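1. The sequence isn't on hand, but the structure is:
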C-alpha cells in the first residue's frame, strides 16, 4: 500500500510523538500513530473520528498553547477546503474535522487552502500564532499559486482571514508554495523558505521583522537549498538543519531526501551553508519522498519522519530516521551520503 506525506509533533514530555499521514498521495484518509519513545517504535492506527476518512491532502499537526495556558493539538487537512480537528488530551481524542473558513468563504480566492499549514509558530509574546500555507486560485483567468498566512489569538480555536504574503516581482511566473517558517536565533525575525513550483527558479525565501505583519520581497535560495517541503529546526549547538526533497537541477541526489546544515545567517546572506547530505535514497518517482516532520529530542537526537520507496519496486512507506549532527558531520566530512534506507 502507498503511504503518503507524514507530519509529526513532539509532546511536552520530550519523548511522545504523534504522526499523521494519508493513505496514498494526498489521500484518502488521515491516519494517526503514536510513539512513546522518541520515534523508535510506533503504535498501530489510533481511533479517530469518522470524518477522518475521505479525500484529504497531506495532514499537518501542531502543538499550541492559548493565553490561559491550555495546551492543544491542532490537526489540519485540506481537500476540498481546509478543515481542522482539535485535541486537548495529547491526542487521545479528537474533535471531528470542521471547516476552517465559513461556507460563504470557501469559493473565495485564497480561502480553499491547497495544502495545510506545515508551519505554525508563536510570535515573541506567545499569545499569537502564525500559520503559513499555500493556495491555488484564479485571478483574471490565470491560475495563481501564492503563500498565504492566517493567525490565531485563542490557541488555534479560530483563525483569521487568509492573506497573501508572497511578492516576487523579480521572478515572473514563480509559484511559491509549501512555506516553512522559523525564527531567527534572537527571535527578532521570521524566515520563510518556499518551494518554487514552476521550476523556473531555485527555491525562494523571504523574511519578516514584524511578526509576520509584513514580509520582504522573495529572493532565490542557493542551489543547495532548492527543493520541496522544507522543514527547519535548530540543533542544540545552534546550527540550522533543513530537510527537504532535493529538486536542484543536476544534483547527484535529485529526487532524494536530504538535509542541509548551516546557519540562519547563511540563508540571509545567500551563502551555501556548511554542507548538504542525503538522508534517504528514493527508489520511487522523484516526487515521492521528502514531506516530513522534524523533531529535536532533549538529548539532541533529531527525528525525521518522511515517506519514501526505500527499495526498488516498492511503494512508498512512512519511515522515521534518527540522527545527530555529529553523525552527519562525520559523513559529510568523509564525503559520503548518510543513507539510512
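-> Sure thing, it's come through. These numbers come from a predicted model, not from an experiment.
2. now the strands for the stretch 1-150 of the chain?
-> 7-10, 17-22, 30-35, 60-65, 71-78, 82-87, 98-99, 115-122, 129-139, 142-152 (DSSP state E, counting those that start in this stretch).
3. most tightly surrounded among these?
-> Among the strands of the stretch 1-150 of the chain, strand 17-22 has the highest mean neighbour count (mean count of other CB atoms under 10 Å), at a mean of 26. C-beta coordinates here come from the backbone N, C-alpha and C atoms, glycine included.
4. If you count contacts, what does that one end up packed against?
-> Strand 17-22 sits against strand 7-10, strand 30-35, strand 60-65, strand 302-308, strand 317-323, with contacts defined as 3 or more CB pairs under 8 Å, 6 or more residues apart in numbering; DSSP states H and E.
5. now the angle between strand 302-308 and it, please.
-> 20 degrees (axes from the mean of the first three to the mean of the last three CA atoms, to 10 degrees).
6. partner strands of strand 17-22, parallel or antiparallel?
-> strand 7-10 (antiparallel), strand 30-35 (antiparallel) (DSSP bridges).
7. and for it, what are the contacting residues?
-> With contacts defined as CB atoms under 8 Å, 6 or more residues apart in numbering, strand 17-22 is touched by 3-11, 28-35, 38-39, 42, 56-61, 73, 75, 91, 293, 295, 303, 305, 307, 318, 320.
8. Skipping adjacent residues, who's closest to residue 5 in space?
-> residue 291 (3.3 Å; CB to CB, 6 or more residues apart in numbering).
9. Assign that neighbour to helix, strand or coil.
-> Three-state call for residue 291 (DSSP: H, G, I helix; E, B strand; the rest coil): coil.
10. so who does it touch?
-> Contacts of residue 291 by CB under 8 Å, 6+ apart are 4-7, 58, 228-229, 245, 306-307.
11. repeat that with 10 Å
-> 4-7, 21-22, 26, 58, 60, 115, 118, 178, 228-229, 231, 243-245, 257, 305-308, 318 (CB atoms under 10 Å, 6 or more residues apart in numbering).
12. And it, how close does it get to residue 273?
-> Distance of residue 291 to residue 273, given as CB to CB, to the nearest Å: 22 Å.
13. same check, this time on residue 6
-> 25 Å.
14. rewinding a little: for the strands paired with strand 17-22, give me TSV that also has distance to residue 253.
-> Listed next are the strands paired with strand 17-22 as TSV, based on distance: least, CB to CB, whole Å:
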stretch	distance to residue 253
strand 7-10	23
strand 30-35	27
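15. Ok, which of the ones you listed comes nearest residue 165?
-> The closest approach between residue 165 and any of those, judged by CB to CB, belongs to strand 7-10 at 20.8 Å.
16. Check the average confidence over the closest one, would you?
-> The average pLDDT within strand 7-10 is 98.
17. What of stretch 224-241?
-> On average, stretch 224-241 scores 97.
18. quick one: buried residues of it?
-> 224-233, 239-241 (16 or more other CB atoms under 10 Å).
19. where does that stretch sit relative to the chain's centre, distance-wise?
-> 11 Å (CA atoms, centre = their mean, to the nearest Å).
20. again, but for stretch 150-159
-> With CA atoms, centre = their mean, you get 19 Å for stretch 150-159.
21. And the contacts of that stretch?
-> 62-76, 82, 84, 86, 88, 100-101, 113, 117, 120, 122-123, 127-133, 160-163, 211-213.
22. Distance across that stretch, terminal residue to terminal residue?
-> 6 Å (CA to CA, to the nearest Å).
23. what about the stretch 201-341 of the chain, any weak spots by pLDDT?
-> For the stretch 201-341 of the chain, the stretches with pLDDT under 70 are 335-341.
24. One more pass at 90, please.
-> Counting by pLDDT under 90, the stretch 201-341 of the chain has low-confidence residues at 210, 285-287, 328, 330-341.
25. who touches the nearest residue to residue 21 once chain neighbours are set aside in this structure?
-> Leaving aside its sequence neighbours, residue 21 sits nearest to residue 6 (CB to CB, 6+ apart; 3.8 Å). Residues in contact with residue 6 (CB under 10 Å, 6+ apart) are 19-22, 31, 33, 58-61, 291-293, 304-307, 318-320.
26. Look through the chain and tell me its longest helix.
-> The single longest helix within the chain, with elements called by DSSP state H, is helix 325-333.
27. quick one: buried residues of that helix?
-> So, applying 16+ other CB under 10 Å, buried residues of helix 325-333: 325, 328-329, 331-332.
28. which two from those end up farthest apart in space?
-> Farthest apart among the buried residues of helix 325-333 by CB to CB are 325 and 331. That separation is 10.6 Å.
29. Surely residue 168 touches residue 218?
-> Yes: counting by CB atoms under 10 Å, residue 168 does reach residue 218; the two are 4.1 Å apart.
30. Please enumerate the shared neighbours of the two.
-> With CB under 10 Å, 6+ apart, residue 168 and residue 218 have common neighbours 147, 174, 176, 194, 196, 201, 204, 206.
31. how many other residues sit next to the third one?
-> Counted with other CB atoms under 10 Å, residues neighbouring residue 176 total 27.
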